[in-house]
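S.K.: Pasting a predicted model and its sequence here:
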Amino acid sequence: QVQLVESGGGSVQAGGSLSLSCAATGRTSRTSPMGWFRQAPGKEREFVAAIRWSTGSTMVADSVKGRFSISRDNAKNTVFLQMNNLKPEDTALYYCAARVEYDSWSRNPADFNSWGQGTQVTVSS
């Protein structure tokens, strides 16, 4: 069982920055990917970025590449999402997720089996 708690959401004007954190407790695996997803009202949940605890290797969605970056602090069991040059279309509820007991990468939310409660990011124009 893995528990995930996100923090750091808020409201910002276009062009601004926010940093999200996801603290993980429980049976985290160093080889399992951790991911960030987002869901805007009326839209499907979409992949944003993922990272592997052990190697720090990352995967980032094309829609945010060059603006968002994902990192982790193994000692604190925390994953971060740094969001720069935010756009109104980045407005969404952002979720942290873990692919517990699986080692392979995935961008599919259905492949992640542990989720945080979400944190709201609102970008105004």
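M.R.: Nice, I can see it. Residues are numbered from 1 along each chain as shown.
S.K.: contacting residues for residue 78?
M.R.: By CB atoms under 8 Å, 6 or more residues apart in numbering, the contact list for residue 78 reads 21, 22, 23, 24, 72. The C-beta positions use only the backbone N, C-alpha and C, and glycine is treated the same way.
S.K.: Please convert the residues you listed to TSV, extending it with pLDDT.
M.R.: Shown next, in TSV, are these (pLDDT from 0 to 100):
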residue	pLDDT
21	98
22	97
23	95
24	93
72	95
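S.K.: Can you list the residue ranges for strands in the protein?
M.R.: Assigned by DSSP state E, the chain shows strands spanning 2-7, 10-13, 18-26, 33-39, 46-52, 58-60, 68-73, 78-83, 92-98, 114-115, 119-124.
S.K.: Can you tell me what sits against the fifth one?
M.R.: Strand 46-52 is contacted from outside by 31-39, 57-61, 63-64, 68-72, 79, 81, 94, 105-109, using CB under 8 Å, 6+ apart.
S.K.: Okay, now the sheet partners of it, with direction.
M.R.: Here strand 46-52 is paired, per DSSP bridges, with strand 33-39 (antiparallel), strand 58-60 (antiparallel).
S.K.: Report the mean confidence score over it.
M.R.: Regarding strand 46-52, the rounded mean pLDDT is 96.
S.K.: coming back round to it: most tightly packed of the strands paired with strand 46-52?
M.R.: When these are scored by mean count of other CB atoms under 10 Å, the highest mean neighbour count falls to strand 33-39 (a mean of 24).
S.K.: hey, C-alpha coordinates of that strand in PDB?
M.R.: C-alpha atoms of strand 33-39 as PDB (Å, rounded to 0.1, in the frame of the first residue of the first chain):
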ATOM      1  CA  PRO A  33       7.700   4.700 -11.900                       C
ATOM      2  CA  MET A  34       6.000   7.700 -10.300                       C
ATOM      3  CA  GLY A  35       3.900   9.900 -12.500                       C
ATOM      4  CA  TRP A  36       2.100  13.200 -12.600                       C
ATOM      5  CA  PHE A  37      -1.300  13.500 -14.400                       C
ATOM      6  CA  ARG A  38      -3.800  16.300 -14.900                       C
ATOM      7  CA  GLN A  39      -7.500  16.500 -15.500                       C
END
